[in-house]
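Asker: Give me the fold of what follows.
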Amino acid sequence: KEYNPKHIFIMLGINGIAFQSKENFLTGYRQFVDAVKAQHPNAVIYLQSILPVTNKKQNSDSRFANSKINSYNEGIQALALEKNVYYLNVAEAFKDAYGNLPSNASSDGVHFGPAHYRLWIEYLKRHTVYTGEIPKEPVPPASPAQ
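Answerer: Okay, here's the model as predicted:
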């Protein structure tokens, strides 16, 4: 909260969906967004979708089924509308023809390497309202007037 960001990107969920009901997940998410908005009332806020997992991952652990992820993403999208913030469906940049993270993208079914992080950055560049320069380092808060 010490910084004064112009844009805030939030992505929560892949771990939470395994042990939280959708209702509890969205309640916590709602509280988090409220806190961020209170701390940074002038920032543009983006809620990002939960990313898909590979078919192998969802078949080996139903807690991470892509159909469940899609349902939670629908809740995040509704939350964004409710809170008057942006929703970014980043998942669409990662899904194969079957709605899964491609099997060659991840060794554990969830996490991926640099090539897919580049997809993510490219998606953000094309789907956000920010058109200025992205600072290389966080901008420290302004010093209080002396």
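
Asker: Which positions in the helix or strand bottoming out on mean pLDDT in the chain come out as buried?
Answerer: Every helix and strand of the chain was ranked by mean pLDDT, DSSP states H and E. The lowest is helix 114-127, at a mean of 88. For helix 114-127, burial by neighbour count (16 or more other Cβ atoms under 10 Å) applies to 116, 120, 123-124, 127. In this view, the C-beta of every residue, glycine as well, is placed from N, C-alpha and C.

Asker: Tabulate those in JSON lines, adding columns for distance to residue 73.
Answerer: Below are the buried residues of helix 114-127 laid out as JSON lines (distance: Cβ to Cβ, whole Å):
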{"residue": "116", "distance to residue 73": "18"}
{"residue": "120", "distance to residue 73": "15"}
{"residue": "123", "distance to residue 73": "14"}
{"residue": "124", "distance to residue 73": "16"}
{"residue": "127", "distance to residue 73": "15"}
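
Asker: Between those residues, which sits nearest residue 4?
Answerer: Nearest to residue 4 out of the buried residues of helix 114-127 is residue 124 (Cβ to Cβ; 20.4 Å).

Asker: re the thing from before, can you tell me which of the buried residues of helix 114-127 is closest to residue 1?
Answerer: Nearest member of the buried residues of helix 114-127 to residue 1, counting by Cβ to Cβ, is residue 124, at 22.9 Å.

Asker: Which residue ranges of the protein form helices?
Answerer: 22-39, 55-60, 66-83, 114-127 (DSSP state H).

Asker: tell me how far the second one is from the chain's mean position?
Answerer: To tie it back to what came earlier, the one meant is helix 55-60. Relative to the chain's own centre, helix 55-60 is displaced by 21 Å; criterion: Cα atoms, centre = their mean, to the nearest Å.

Asker: and it, average pLDDT?
Answerer: Average pLDDT, helix 55-60: 96.

Asker: Can you point out the buried residues in that helix?
Answerer: 55, 57-58.

Asker: Which elements pack onto that helix?
Answerer: Packing contacts for helix 55-60, counted by 3 or more Cβ pairs under 8 Å, 6 or more residues apart in numbering; DSSP states H and E, involve no helix or strand.
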